[in-house]
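Undergrad: here is a sequence together with a model predicted from it:
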Amino acid sequence: MPKLTINGAEVEVDPGLTVIQACDQLGIEVPRFCYHERLSISGNCRMCLVEMERAPRPVAACAMPVADGMVIRTNTEKVQKMRQAVMEFLLINHPLDCPICDQGGECDLQDIAMNYGMDRSRYTEEKRAVKEKAYGPLIKPVMTRCIHCTRCIRFCREVAGVPELGGIGRGAHMEVGTYVEKVLSSELSGNIIDLCPVGALTSKPYAFTARSWELKKTESIDVMDAVGSNIRVDARGQAVMRILPRINEDVNEEWISDKTRFAYDGLKRQRLDTPFVRRGGKLQPASWDEALAAAAAGFKGLKGRQIAAIAGDMADAESMTALKDLMKAAGSPNIDCRQDGAAIGASRRAGYIFNTTIAGIERADVCLLIGVNPRLEAPIINARLRKRSRMGGFQAASVGPEVDLTYQVKYLGNDSDLLEAIASGSHGFAKVLKSAERPMLIVGMGALTRSDGGAVLSLARRIAETSGMVGKDWNGFNVLHTAAARVGGLDVGFVPGAGGLDVSGILDSSEVKAVYLLGADEIEMDGLKDAFVVYQGHHGDAGACAADVIFPGAAYTEKNATYVNAEGRAQQTNLAVFPPGEAREDWKIIRALSDVMGKTLPYGALAELRAAMAMGNSVFSAIGKVKTAGWGAFGAGGKLVPGPFQSPIDNFYMTDPISRASVTMAACTDAMAPANTRKTGTDG
């Protein structure tokens, strides 16, 4: 390991690091604009210039590898003058519009200019201006402010895999843009807002709505997909103003999808803020006492098998636990959290989680995708796969729809019979899997929601076992869910009991007379037209339209709740704003209903409920951690149904009640939905 001296202190660092990384490890501040630890080195802002002994000129700390015996000085008078000179050049064309810039208060250029710049400007020439550009409904570009750090260009090319931004022109005439004006089509495009160190790229929906110092910041978890990205909810009063990513190296690093970032305006629209009861064929506002009494009356006198409950894709683990216990008290085995009819059971946890873990993707060397489009179903996982692909020594293949996943994928075809060939070893890719050191597969809902989903799951397990995916310290079998609530629902056992009906059975049964929908909006409501329906949720979506009684619940930003992501990691949201109007936290509503029904649940506080959850499954006692699941038999027998796999997501921007209520997501649908199926081309 090389030893070097920085500001008179001798240190030993890992080989291959750059000077700026060595300084960061020591806590020595070196200003930078173009450098970012997750992007390639460009070395073009020159703000990180330092003195190096025996060097004829200053060196860029971000681009200089460490070497044994190197002597670096970062705090000399000469270095200070260099930084002041660089700041002068960077500010030559930068407009003086800080008072109207949405980056104000959290701008790297402001901070660095204050700490390292001069107290005056000597530039007297005319400033350059850049024509206004249009990047779509999400990004607001003011490229006159651009300092050409190229972070956005490198992110689009390296992380997102959609190289639509580039530098046009040279020198003072350079502009960052798309050459031919177009909408940015990446599902991760909003991350360039965070990367931009100045106000050149800001959030269009957030523009001119708030200042950063006005906002209350709450750490939370995203529920727009099954990744469980770590987020920060910024709110003012009762309104969520924006959502930003939090760093979690094991889950989302520091990226979030555009739906996670921008769908928050859907939290303000089409909300259920008061109970409703259907009277005379019409839903009418009611008090909580009236609504609870009406629901209890609808269930009164019914036998257990005549009652059913379905949990939706955004239900939290606490509310599903409470509803499961209420249905058990009512004698009903008819409960299910699999709205889409996915052929997965709760008996073997390894059969329904992402066993490799999201961070573990970077250790794999071969990946087989089965009926899955991770770019639309889980953009953060797709970014991890691209990251692994760029490292080299990685091969990916797909059985399913042929789509652009932003990295090289060998398309094997879209026929379920291919799985039988791979499992038996007769297909050529079976040899690739067997020869790999750490192979993995990802099976998606496009494969498991078919009528032969159980057989597909069983075949995927056979492929994992015959190709050496499952070992002592490696499990390459992965299920990718599209619902944030799915793994948590399976962990709490929200599946049919002995002789119970699943979702399709509930909808088809003439025996079921009353159904409790816990945020379930993705089912065929026509199957419930003869039943008494209680709907509990936060938006007036499909379930509310079919209901006889409506309980207004809380959205994920309005409650302290537990969600389990695709890899089986239990995480918790925190209340950022209070629910609107008369809406209440979901588990409290179910607890109140149990009182009225005369079947009082044995917990009256959130801590007591969570203790009961931890007693039922130890996963809920290890918040933030992934517990390894034991391997075993799962899946079902039966023959495969010939035919192609279909993606469960047609429109990335509208997959749930919140995004369907979002004006921003509607604008994205109009402007960018065709990009989901368009070939964009990648650099590998």
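TA: On my side now, so go ahead.

Undergrad: contacts for the strand or helix carrying Gly505, please.
TA: In this structure, Gly505 sits in helix 503-508 according to DSSP states H and E. Contacts of helix 503-508 with the rest of the structure, by CB atoms under 8 Å, 6 or more residues apart in numbering, involve 308, 310, 334, 336, 338-339, 341, 496, 512, 515, 523-524, 527-528. Every C-beta, even on glycine, is put in place using the N, C-alpha and C of the backbone.

Undergrad: neighbouring strands - and their directions - for the helix or strand just after it?
TA: Later in the chain than helix 503-508, the nearest helix or strand by DSSP H and E is strand 514-518. Next to strand 514-518 in the sheet, as set by DSSP bridges, lie strand 307-311 (parallel), strand 532-537 (parallel).

Undergrad: follow-up on the earlier one: any idea of the mean pLDDT for the helix holding Gly505?
TA: What helix 503-508 shows for mean pLDDT is 95.

Undergrad: can you list the strands paired with strand 514-518 in a markdown table and add mean neighbour count, mean pLDDT and distance to Leu267?
TA: As requested, these are arranged in a markdown table below (neighbours: other CB atoms under 10 Å; pLDDT from 0 to 100; distance: least, CB to CB, whole Å):
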| stretch | mean neighbour count | mean pLDDT | distance to Leu267 |
| --- | --- | --- | --- |
| strand 307-311 | 28 | 97 | 20 |
| strand 532-537 | 26 | 97 | 13 |
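
Undergrad: could those go into TSV alongside distance to Gly638?
TA: Shown next, in TSV, are the strands paired with strand 514-518 (distance: least, CB to CB, whole Å):
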stretch	distance to Gly638
strand 307-311	25
strand 532-537	33
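
Undergrad: out of those, flag the one nearest Ala134.
TA: strand 532-537 (36.2 Å; CB to CB).

Undergrad: so what touches the closest one?
TA: Residues contacting strand 532-537 (CB under 8 Å, 6+ apart): 272, 295, 298-299, 312, 319, 513-521, 543-544, 546-553, 586, 589-590, 657.

Undergrad: go again with 6 Å.
TA: Strand 532-537 has contacts (CB atoms under 6 Å, 6 or more residues apart in numbering) with 295, 298, 514-519, 543-544, 546-551, 553, 589.

Undergrad: before we move on, back to that, from the contacts of helix 503-508, pick the one nearest Phe634.
TA: Nearest to Phe634 among those, with distances taken as CB to CB, is Arg338, at 14.4 Å.

Undergrad: quickly note the distance from the closest residue to that closest one other than its chain neighbours to Ser647.
TA: With sequence-adjacent residues excluded and distances taken as CB to CB, 6 or more residues apart in numbering, Arg338 is closest to Val503, at 6.1 Å. Separation of Val503 from Ser647 (CB to CB, to the nearest Å): 20 Å.

Undergrad: those two: who's more crowded?
TA: Val503 (25 against 20; other CB atoms under 10 Å).

Undergrad: Glu249: neighbour count?
TA: By other CB under 10 Å, neighbour count at Glu249 equals 9.

Undergrad: what residues are up against Gln252?
TA: Just to correct that, residue 252 is Asn rather than Gln. Neighbours of Asn252 in contact, by CB under 6 Å, 6+ apart: 229-230, 380.

Undergrad: let's go with 7 Å and repeat that
TA: 227, 229-230, 245, 380 (CB atoms under 7 Å, 6 or more residues apart in numbering).

Undergrad: quick revisit: of all the strands paired with strand 514-518, which one is nearest Ser426?
TA: Closest approach to Ser426 among the strands paired with strand 514-518 (CB to CB): strand 307-311, 41.0 Å.

Undergrad: how far does the very next helix or strand once past the closest one sit from its chain's centre?
TA: Next helix or strand after strand 307-311 toward the C-terminus (DSSP H and E): helix 317-329. Relative to its chain's centre, helix 317-329 lies at 27 Å (CA atoms, centre = their mean, to the nearest Å).

Undergrad: quick one: the helices in the stretch 351-500 of the chain, in order.
TA: For the stretch 351-500 of the chain, the helices defined by DSSP state H, counting those that start in this stretch cover 374-377, 379-391, 417-424, 428-435, 445-448, 453-466, 486-491.

Undergrad: by contact count, what packs against the fifth one?
TA: Applying 3 or more CB pairs under 7 Å, 6 or more residues apart in numbering; DSSP states H and E, one finds that helix 445-448 makes contact with helix 453-466.

Undergrad: mean confidence for the helix or strand containing Ile192?
TA: Taking DSSP H and E as the criterion, Ile192 maps to helix 191-195. The average of the pLDDT scores along helix 191-195 is 97.

Undergrad: and the next helix or strand past it?
TA: strand 201-203.

Undergrad: what sits up against that following strand?
TA: Counting by CB under 7 Å, 6+ apart, strand 201-203 makes contact with 102-103, 139-141, 152, 192-193, 242, all of which sit outside it.

Undergrad: note down every partner strand of the lowest-mean-pLDDT helix or strand in the chain and its orientation.
TA: Ranking every helix and strand in the chain by mean pLDDT, DSSP states H and E puts strand 9-12 at the bottom, with a mean of 89. Within its sheet, and counting by DSSP bridges, strand 9-12 is paired with strand 3-6 (antiparallel).

Undergrad: buried residues, the strand it pairs with. List them.
TA: Judged by neighbour count (16 or more other CB atoms under 10 Å), strand 3-6 contains these buried residues: 4, 6.

Undergrad: stretch 185-195 too?
TA: 185-195.

Undergrad: please save the CA atoms from that stretch in CSV.
TA: The C-alpha coordinates for stretch 185-195 follow below in CSV (Å, rounded to 0.1, in the frame of the first residue of the first chain):
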residue,chain,number,x,y,z
SER,A,185,-36.4,9.1,-21.8
SER,A,186,-34.6,7.4,-18.9
GLU,A,187,-36.6,6.3,-15.9
LEU,A,188,-33.7,7.6,-13.7
SER,A,189,-33.4,11.1,-15.4
GLY,A,190,-34.3,13.0,-12.2
ASN,A,191,-31.0,12.1,-10.6
ILE,A,192,-29.2,14.6,-12.7
ILE,A,193,-31.0,17.3,-10.6
ASP,A,194,-29.1,16.1,-7.5
LEU,A,195,-25.9,15.7,-9.4
